[in-house]
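J.: A predicted structure for the sequence below; I have some questions about it.
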Amino acid sequence: MKISVVARSFDWRLSGPLNASALFILLNITPVFGQIIPDSTLPNPSQVSIEGNTITLDGGTEAGSNLFHSFQDFSVPTGTEAFFNNATSIENILTRVTGGNISHIDGLIRANGTANLFLLNPNGIVFGENARLDIGGSFLATTADSVTFGDGMEFSTANPNASPLLSVNVPTGLQWNGQGAEAIEVRGNGHGFTTQDPTFAPIERTQQITGLQVPAESTLALVGGNINLIGGTLTAESGRIELGAVAGTVPARVELTLLGTGWELNYAAVEEFGDIALSQQAAADVSGAGPGAVRFRLWGGD
């Protein structure tokens, strides 16, 4: 059975006695949409439908090779999959959350082709121990207020109805308006690496926990207030892992530069930084056949 979201809420008003048969029917036709609710701020709004455990995300507004999605709420419950059903010609999927709730991701996020996926929620983002990625490009999660472009346009959560709204250009920055930056948290069961001698012996990865992972030579970036990895694991084989703690109590901007299949982040325009904490065998792994880079930005320095 496939159910499409056509309303944000339901108001059931019943008069008179409700017998057992009516109650049974009501319980079986009341849909459960999880926590992905589109808003109406885009020219072509995002569309959400559910079939089994898969939440399919169609629609959105295309501008050149960019696809823009906008949601009132965006969370992926345990055991479910959020599938961005984008055209394979799309290079960047930009997803913003305009409501006031944290994004809790504890299922799979999937997209078509080699698109990079941006998840923007200024209220905070929490990745649970079951959170996984199945995308063909880089992944950037941020609690910034907007994504900026070279032509001066913004894809904003604070002013989602601003006009002109969309850009055909490549994203060039993340912008905070100075109201504070919420945290990003990644939870997990630890990396599972073993070694007989941590100084000289090679690391054994047969028990490695997957966690959040992007394709080889891509970028996995978490940029927000405090960044907390509590047993969380991040993997970008021969790629880049960027962890940026931007305090955001004054206006701030992080520059984005596209490098092949990955992104480089520049914090020169950030004045205040937060904390980055890795605990309970958390890991950031870029090992592979080619060079990789792990970059932490906090306390005003690398």
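T.: It's in.
J.: rest of the way, CA atoms for contacts and neighbours
T.: Noted.
J.: what about the longest strand in the protein?
T.: strand 66-75 (DSSP state E).
J.: what number of residues lie near P215?
T.: Counted with other CA atoms under 10 Å, the neighbours of P215 add up to 21.
J.: got the phi and psi for it?
T.: phi -60, psi 160 (degrees, to the nearest 10).
J.: how much space is there between it and A82?
T.: Going from P215 to A82 by CA to CA, to the nearest Å gives 18 Å.
J.: list the contacts of the longest strand of the chain.
T.: Outside strand 66-75, the residues that touch it by CA atoms under 8 Å, 6 or more residues apart in numbering are 34-42, 45-46, 59-62, 86, 90-105, 166-170.
J.: and it, average pLDDT?
T.: On average, the pLDDT along strand 66-75 is 97.
J.: please apply the same query to stretch 227-238.
T.: Across stretch 227-238, the per-residue pLDDT values average to 95.
J.: check stretch 284-302 too.
T.: Mean predicted lDDT for stretch 284-302 stands at 79.
J.: for it, buried residues please.
T.: A284, D285, V286, S287, G292, A293, V294, F296, R297, L298 (16 or more other CA atoms under 10 Å).
J.: do the same with stretch 42-55
T.: Quick answer for stretch 42-55 (16+ other CA under 10 Å): L42, P45, S46, Q47, V48, S49, I50, T54, I55.
J.: now do the closest residue to the second one other than its chain neighbours, the pLDDT please.
T.: To tie it back to what came earlier, the one meant is P45. Of all residues not flanking P45 in the chain, G60 sits nearest, at 5.1 Å (CA to CA, 6 or more residues apart in numbering). The model reports G60 with a pLDDT of 96.
J.: and for L23?
T.: 39.
J.: can you pull the contacts of the residue minimising distance to the centre of the chain?
T.: Centroid-nearest residue in the chain, with CA atoms, centre = their mean: L119, separated by 3.5 Å. By CA under 8 Å, 6+ apart, the contact list for L119 reads L94, T95, R96, F139, L140, A141, T142.
J.: which ones among the residues you listed are found in strands?
T.: L94, T95, R96, F139, L140, A141, T142.
J.: from what I can see I93 touches L120, true?
T.: No. At 10.9 Å, I93 does not count as touching L120 under the criterion of CA atoms under 8 Å.
J.: hang on, the earlier thing: what is the most widely separated pair among the buried residues of stretch 42-55?
T.: L42 and T54 (23.3 Å; CA to CA).
J.: beta partners for the residue lying closest to S167 once chain neighbours are set aside?
T.: Distances taken as CA to CA, 6+ apart put A63 closest to S167, at 6.0 Å, once the chain neighbours are dropped. Under DSSP bridges, the beta-bridge partners of A63 are N66.
J.: got the buried residues of stretch 42-55 as CSV, with pLDDT columns?
T.: Listed next are those as CSV, based on pLDDT from 0 to 100:
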residue, pLDDT
L42, 94
P45, 94
S46, 96
Q47, 97
V48, 97
S49, 96
I50, 95
T54, 97
I55, 97
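J.: can you map out the helices along the chain?
T.: Here the chain has its helices, by DSSP state H, at 20-29.
J.: in it, where is pLDDT below threshold?
T.: Applying pLDDT under 70 to the chain flags residues 1-34, 162-165, 193-209, 298-302.
J.: isn't T80 up against I105?
T.: No. Assessed by CA under 8 Å, T80 is found out of contact with I105, at 9.7 Å.
J.: of those two, who's got more company?
T.: I105 (24 against 20).
J.: shouldn't the more buried one be in contact with L133?
T.: No. Using CA under 8 Å as the test, I105 is too far from L133 to be in contact (10.3 Å).
J.: still on that earlier bit, now for the contacts of L119: which two are most distant?
T.: R96 and F139 (13.7 Å).
J.: and I125, what are its bridge partners?
T.: Under the criterion used (DSSP bridges), I125 bridges to S103, I184.
J.: for it, give its distance to G192.
T.: I125 is 24 Å from G192, by CA to CA.
J.: quick one, which of these two is more surrounded?
T.: I125 (26 against 17).
J.: any of the ones in strands among the contacts of L119 buried? List them.
T.: L94, T95, R96, F139, L140, A141, T142.
J.: among the residues you listed, which one lies nearest to G178?
T.: The closest of those, once distances to G178 are taken by CA to CA, is T142, at 14.9 Å.
J.: tell me the contacts of the closest residue to that closest one other than its chain neighbours?
T.: Of all residues beyond its chain neighbours, the one nearest T142 is V223 (4.7 Å), with distances taken as CA to CA, 6+ apart. Going by CA under 8 Å, 6+ apart, V223 touches L140, A141, T142, T143, A144, I184, E242, L243, G244, A245, V246.
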